[in-house]
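[1] Compute the structure for the input listed below.
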Amino acid sequence: MRDLTCRLVVFLMTCSLPHTLQGQGNMQNAAGPSPPPGGVTQQLEEKLDTISDALTATRRQLEQSQQQIQQLQEEIAQLRNQLTSASVPVEKKTDSQEGNANDLRERVEALEAQVKLHDQTKVESSSKYPVRVSGLVLLNGFINRGAVDNIDLPSIAVASTNGTTGSLGAGMRQTILGVQGFGPRIAGARTSAEVNFDFFGGIPYSNYGTVAGLVRMRTANVRFEWQRDLLEGGMEAPLISPLSPASYAMVAEPAMAWAGNIWTWAPQLRYAHQFEGAREQNVKVEVGLWDSPAAGYNTTDVLRTPSPGERANQPGYEARVSYGAPESQGFQVGLGGYYSRQSYPPLTTSRGPSYSESNDSWAFTTDWRVPFARKFELSGEGYRGRSLGGFGVGVYKDVLYGTDPISGAPVIRGLNAIGGWTELKAKFTSVLEANASIGLDNGFAGDFHSVLLPPTASGTQTRARNRMMIANVIYRPKTYLIFSPEYRRIWTWPITGTRNTADIFTLSVGYQF
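    Residues are numbered from 1 along each chain as shown. Sure, this is the predicted structure:
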């Protein structure tokens, strides 16, 4: 290639040389004596050598790049072919074949991860495996009409005090930050870990409440994923409640919390197995152990005391069976169950301590997601159970404290509850959707009437039912930019007295990364 280039340049220069020398000769005859012809030829040869060297260096760089790309492609193709040839029926695999297949899979995944890393900057970590940072910067502006339990994130309508009729404000405490790490294969399983934080962990004593949110760990997990099996341990939502309504106004607590949505995050150990079915519709079986939470059990602001579930010296047990698409979208229906024991400290009376029997906490749940008419989806959950205050239902109560109307002895009664929520989603385009949902959490009136509540009972103890309605629009003009106006109405009933209502208008602006 160099010889051809040199000959081409020499030919062009030779053709133009007589005219150039003639023009220079005319100018030099007018100006004076001309320089010797040997100087012009030397300059042309030097320029020609410089151009040839540059072309040669460029050609070598291109050839090296093409060779590297071709080698990488050939290596990936060979690994894929080896992986395909090593894939034999499970019952026929030997230990060595299984190990080789796992090694090949890990090498392929490592190569693919290296290719992806060329398009982004890797987050530095102490391990050689990649780490990904994600999050949601979220600003919520709100107008509350009526008295509520928490102006940042209202979930209960309360009686107005001191003439309070509403509030206006904004906050960024629902901003989320997450870190996810990917590890090696262990026993054929892909390993990963994830932790998510927000700033909704309470407000310290301060004159600047809008910026005084404390960092709180929302969820965290360590996962081992096989092709059809999953083992996960961490702080997660209960497996009997996999869905939540769509809302950017309610992120620190899921939408419909305290109005039919089981959501509490707590330590959990979960195992899931997926049975492959026809037409990508699979049956999944999940079982788990749960650190049973309870509502309002902590007796000190400094140290964590055992909950009634932890005092029983056994975990909560949960299970769920579902049928449908394995992804987060598509048809799905599920049934779940939960059980745990609760133990409460004795109640002291004038006759001495009164020991109550252990209480049973249980729930039966159902969930569904049904797409229809291409742009619409109907989803929701329902439950029936007892002593579920730790799950964000039961109107924030596990039990009722009072006296027996016949004997006059102090008693603790588990509160039965029923409720759920449903949502209609309309996806107009890939960047615009609308959602409308309604939920209800209802404690049984018979349980309230079976106990004489003390005159000093708090609003939480007398609260019997809570209903919520949400309507919002979610607009994403760009992939990571979010605008969402939302209207929410809350109805709250005490067991005796008048109903309380509140209207909440929220505008959420977020950037997801």
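[2] from here on, contacts and neighbour counts on C-alpha atoms
    Fine.
[3] Would you mind pulling the contact partners of the helix or strand residue 425 falls within?
    Secondary structure from DSSP states H and E places residue 425 in strand 416-427. With contact meaning CA atoms under 8 Å, 6 or more residues apart in numbering, strand 416-427 is reached by 245, 256, 259-261, 375-388, 393-394, 433-444, 447.
[4] who are the neighbours in contact with residue 283?
    Residue 283 touches 274, 275, 276, 277, 321, 322, 323, 324, counting by CA under 8 Å, 6+ apart.
[5] sorry, back to before: among the contacts of strand 416-427, name the ones in helices.
    residue 447 (DSSP state H).
[6] From the contacts of strand 416-427, which land in strands?
    Under the assignment DSSP state E, the contacts of strand 416-427 contribute 376-386, 433-443 to strands.
[7] residues in contact with residue 252?
    153, 174, 198, 200.
[8] Compute the distance between the residue nearest to residue 375 when sequence neighbours are not counted and residue 378, please.
    Leaving aside its chain neighbours, residue 375 sits nearest to residue 427 (5.0 Å; criterion: CA to CA, 6 or more residues apart in numbering). With the distance defined as CA to CA, to the nearest Å, residue 427 ends up 12 Å from residue 378.
[9] Between these two, which is the more surrounded one?
    Neighbour totals were compared for residue 427 and residue 378, and residue 378 leads with 18 against 15 (other CA atoms under 10 Å).
[10] picking up where we left off before, return the subset of the contacts of residue 252 lying in helices.
    Among the contacts of residue 252, no member falls in helices (DSSP H).
[11] hmm, who's touching stretch 133-141?
    Contacts of stretch 133-141 (CA under 8 Å, 6+ apart): 123, 168-180, 249, 506-513.
[12] Mind listing what's buried along that stretch?
    135, 136, 137, 138, 139, 140, 141 (16 or more other CA atoms under 10 Å).
[13] Which of the residues you listed sits closest to residue 225?
    Nearest to residue 225 among these: residue 135, at 23.4 Å, using CA to CA.
[14] For beta bridges, what are the partners of the closest one?
    Here residue 135 sits in beta bridges with residue 177, going by DSSP bridges.
[15] per-residue confidence at it?
    At residue 135, the pLDDT value in this model is 95.
[16] What of residue 305?
    81.
[17] could you measure it against residue 343, distance?
    For residue 305, the distance to residue 343 - CA to CA - is 13 Å.
[18] From the neighbour counts alone, determine which of those two ranks first.
    Shown here are residue 305 and residue 343; by other CA under 10 Å, residue 343 has more neighbours (17 against 13).
[19] shaky segments in the stretch 101-250 of the chain?
    Scanning the stretch 101-250 of the chain with the threshold set as pLDDT under 70 gives 101-103, 105-124, 164, 205-206.
[20] So what's the model's average confidence on stretch 485-504?
    pLDDT averaged over stretch 485-504 gives 95.
[21] Give me the residues contacting it.
    By CA under 8 Å, 6+ apart, stretch 485-504 touches 142-148, 154-159, 247, 249, 445, 448, 459, 462-474, 505-508.
[22] Just the buried ones among those, please.
    For these, buried by 16+ other CA under 10 Å: 142-148, 154-159, 247, 249, 448, 462-474, 505-508.
[23] From start to finish, how long is stretch 395-405 in a straight line?
    So stretch 395-405: terminal residues 23 Å apart, CA to CA.
[24] List the buried residues in it.
    Those would be 395, 396, 397, 398, 399, 400, 401, 402, 403, 404, for stretch 395-405 by 16+ other CA under 10 Å.
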